[in-house]
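*Asks:* sequence first, predicted model second:
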Amino acid sequence: MVTFDSIRRDQDHTPSSGLRWLSRWMRRYILPTGLYARSLLIFILPMIILQAVVTVVFMERHWQMVTQRLSMATTRDIAAIITIIETYPQDADYSAITQIARQKLDLAISIEPGGELPPPREKPFFSILDGILSDEIRDQINLPFWIDTVGNSSLVEIRVKLPDKVLRVFAKRSQTYASNTHIFILWMVGTSLVLIGIAVLFLRGQIRPILALARAAESFGKGQRLENYSPRGADEVRRAGLAFILMRERIERQMEQRTAMLSGVSHDLRTVLTRFKLQLALVGDNPDLVGLSEDVEDMQSMLEGYMAFARGEAEEDVGQFKLSDILDKIQQDFTLHGKSMSFSIDGDNEISVRPNAFTRLVTNLATNARRYAKTLRIEARHSAKWLTIVFDDDGPGIPVEAREDVFKPFFRLDEARNLDKSGTGLGLAIARDIARSHGGNVTLGDSPQGGLRATIRIPA
């Protein structure tokens, strides 16, 4: 019976799925990921393929054809010499025919009366000359022969067995073989290398503005100030750079307007709250006004918390910071409260962050753990790309369905664990805002100790 699952399994094993798997595997493990390397590959790969095709198809045929014609001409000269020797009477030392071969045919010959051919030599595996010359001698002379084309000698030796003698012929290798083909190949490869070098320099100049734009965007995403960045390169890259600068300016203006507006609201509200406090102080101790005093204090706390959230420490510069310093202070704080805290640092102790904001981020998460748990374990891992800090405690934790809601401003958890005892509901919102201003994030999960796991992950 054919089922939907069986059809789907059959589809998963189709050739197209295999090609998709191969394509994904090549993109992941073989093909380069950088734009510079891919651009070079797009330029170099067609050139290499073209040269390979030209070398294999054209050059091999050309080489073989020229070699065949040269070998044919040399064999024809040898056949003519044999015909003269067998047809016309010769001197006892064959001096006349030897002189004719040397002067007219550029061949050095000797005749050995009663001689025999040497034993056959082992045929070379890759030798166009040996095969072509042997075929031509069989076709034109059709007598027993022996040839020596192996080695780097400039001569080729050919021996032909005549009825009562052996004819030895020494011909220049250039007479039988297209020996200058490699020069064309060297010129082709050399020219290609020069063109590739020029392309590398040109592509580097074109890719550099894109890398500068990527670094500027990454720095801005981490909350770092951009210095001396100006769009350069091709028109498209310049337009992208200008669009990035305009976007950055709009974001910075919005942040400044938000901070300025909230500063004005804070000033006005602080003036009103100060008058409230003064009037309550003049009234004196009145049990009926205790609730009103607490409300004023809560309003003051909420106002300060909201201002800190809106400000986000964005105006602070990035600097070097030692993880061990803040973790030692947190450990001392736990000891003073009679609780246990341990930590470990894997990698470089120094990190590049906004010190005050990052201190607030780590302290906030550690203080919340101290309020609701007895033990806390902090593990920091600083690799080449990421800084990860994991907080594991044995407190009551946070329900799974509420772990994203607690990052919303003014959200207050009513059950199990309230991470902002001051009542403003901005504790984790501020923490995540600081982490994201560094280009990272804060996430919550289950701790192996049975409580809450909070993880900070920001780019190194």
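*Replies:* Arrived safely, thanks for sending.
*Asks:* so residue 192 touches residue 49, yeah?
*Replies:* No. Taking C-beta atoms under 8 Å as the contact criterion, residue 192 and residue 49 are not neighbours in contact, 11.8 Å apart. Where C-beta positions appear, they are placed from N, C-alpha and C, glycine not excepted.
*Asks:* pick out whichever of these two has more residues nearby.
*Replies:* When neighbours are counted by other C-beta atoms under 10 Å, residue 192 and residue 49 differ, and residue 192 comes out ahead with 15 against 10.
*Asks:* just checking, what packs against the host helix or strand of the more buried one?
*Replies:* When elements are assigned from DSSP states H and E, residue 192 belongs to helix 181-221. If you count contacts as 3 or more C-beta pairs under 8 Å, 6 or more residues apart in numbering; DSSP states H and E, helix 181-221 packs onto helix 35-53, helix 60-87, helix 235-283.
*Asks:* mean confidence score for that helix?
*Replies:* The predicted model gives helix 181-221 an average pLDDT of 81.
*Asks:* repeat for stretch 72-89
*Replies:* Confidence over stretch 72-89, taken as the mean pLDDT, stands at 88.
*Asks:* can you give me the buried ones in that stretch?
*Replies:* Within stretch 72-89, the residues that count as buried by 16 or more other C-beta atoms under 10 Å are 72, 74, 75, 77, 78, 79, 81, 82, 85.
*Asks:* same check on stretch 342-361?
*Replies:* Of the residues in stretch 342-361, those scored as buried under the neighbour-count criterion (16+ other C-beta under 10 Å) are 343, 345, 347, 351-355, 357-361.
*Asks:* what is the nearest of those residues to residue 238?
*Replies:* Within the set of the buried residues of stretch 342-361, residue 352 lies nearest residue 238; the separation is 29.4 Å, counting by C-beta to C-beta.
*Asks:* quick check, the closest one in a helix?
*Replies:* No. Assessed by DSSP: H, G, I helix; E, B strand; the rest coil, residue 352 does not belong to a helix; its assignment is strand.
*Asks:* and it, what does it touch?
*Replies:* Taking C-beta atoms under 8 Å, 6 or more residues apart in numbering as the definition of contact, the neighbours of residue 352 are 318, 319, 320, 321, 460.
*Asks:* same thing but 10 Å
*Replies:* Applying C-beta atoms under 10 Å, 6 or more residues apart in numbering, we find residue 352 in contact with 222, 224, 318, 319, 320, 321, 358, 387, 438, 459, 460.
*Asks:* can you check the pLDDT for the fourth one?
*Replies:* The reference is to residue 319. Note on residue 319: pLDDT of 81.
*Asks:* for it, give me its contacts.
*Replies:* Contacts were defined as C-beta under 10 Å, 6+ apart; by that measure residue 319 touches 351, 352, 353, 354, 355, 356, 358.
*Asks:* try 6 Å
*Replies:* Contacts were defined as C-beta atoms under 6 Å, 6 or more residues apart in numbering; by that measure residue 319 touches residue 355.
*Asks:* if I look at it, how far off is residue 24?
*Replies:* 42 Å (C-beta to C-beta, to the nearest Å).
*Asks:* pLDDT on stretch 37-56, on average?
*Replies:* What stretch 37-56 shows for mean pLDDT is 80.
*Asks:* can I get that stretch in CSV, CA atoms only?
*Replies:* As requested, the backbone C-alpha atoms of stretch 37-56 are provided in CSV (Å, rounded to 0.1, in the frame of the first residue of the first chain):
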residue,chain,number,x,y,z
ALA,A,37,37.6,34.9,-2.4
ARG,A,38,34.4,34.3,-4.3
SER,A,39,35.2,37.2,-6.7
LEU,A,40,38.6,35.8,-7.4
LEU,A,41,37.1,32.3,-7.9
ILE,A,42,34.6,33.7,-10.4
PHE,A,43,37.5,35.4,-12.3
ILE,A,44,40.1,32.6,-12.1
LEU,A,45,38.0,29.5,-12.5
PRO,A,46,36.8,30.3,-16.1
MET,A,47,40.4,31.2,-17.1
ILE,A,48,41.7,27.9,-15.8
ILE,A,49,39.0,26.0,-17.5
LEU,A,50,39.6,27.9,-20.8
GLN,A,51,43.3,27.2,-20.7
ALA,A,52,42.8,23.6,-19.9
VAL,A,53,40.4,23.2,-22.8
VAL,A,54,42.8,25.1,-25.2
THR,A,55,45.7,23.0,-24.0
VAL,A,56,44.0,19.6,-24.2
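*Asks:* buried ones in it?
*Replies:* Using 16+ other C-beta under 10 Å as the burial criterion, the residues of stretch 37-56 that qualify are 39, 40, 51, 55.
*Asks:* likewise stretch 61-70?
*Replies:* Within stretch 61-70, the residues that qualify as buried are 63, 66, 67, 68, 70, counting by 16+ other C-beta under 10 Å.
*Asks:* what pLDDT does the second one get?
*Replies:* Predicted confidence (pLDDT) for residue 66: 81.
*Asks:* what does residue 306 give?
*Replies:* In this prediction residue 306 is given a pLDDT of 64.
*Asks:* give me the secondary structure label for the residue sitting furthest away from the middle of the chain.
*Replies:* Distance from the C-alpha centroid of the chain, by C-alpha atoms, centre = their mean, peaks at residue 89 (80.2 Å). At residue 89, secondary structure determined by three-state DSSP is coil.
*Asks:* give me phi/psi at it?
*Replies:* phi -70, psi 140 (degrees, to the nearest 10).
*Asks:* then the one 5 residues further on?
*Replies:* Dihedral angles phi and psi of residue 94 (degrees, to the nearest 10) take the values phi 60, psi 40.
*Asks:* what's the local residue count around it?
*Replies:* Residue 94: 18 neighbours (other C-beta under 10 Å).
*Asks:* quick one: contacts for residue 326?
*Replies:* Under the criterion of C-beta under 6 Å, 6+ apart, the neighbours of residue 326 are 359, 362.
*Asks:* which SS state does residue 448 fall under?
*Replies:* At residue 448 the chain is in coil, as set by three-state DSSP.
*Asks:* can you tell me the closest non-neighbouring residue to it?
*Replies:* Beyond its immediate neighbours in the sequence, the residue positioned closest to residue 448 (C-beta to C-beta, 6 or more residues apart in numbering) is residue 392, lying 6.2 Å away.
*Asks:* fine by me, we can end here.
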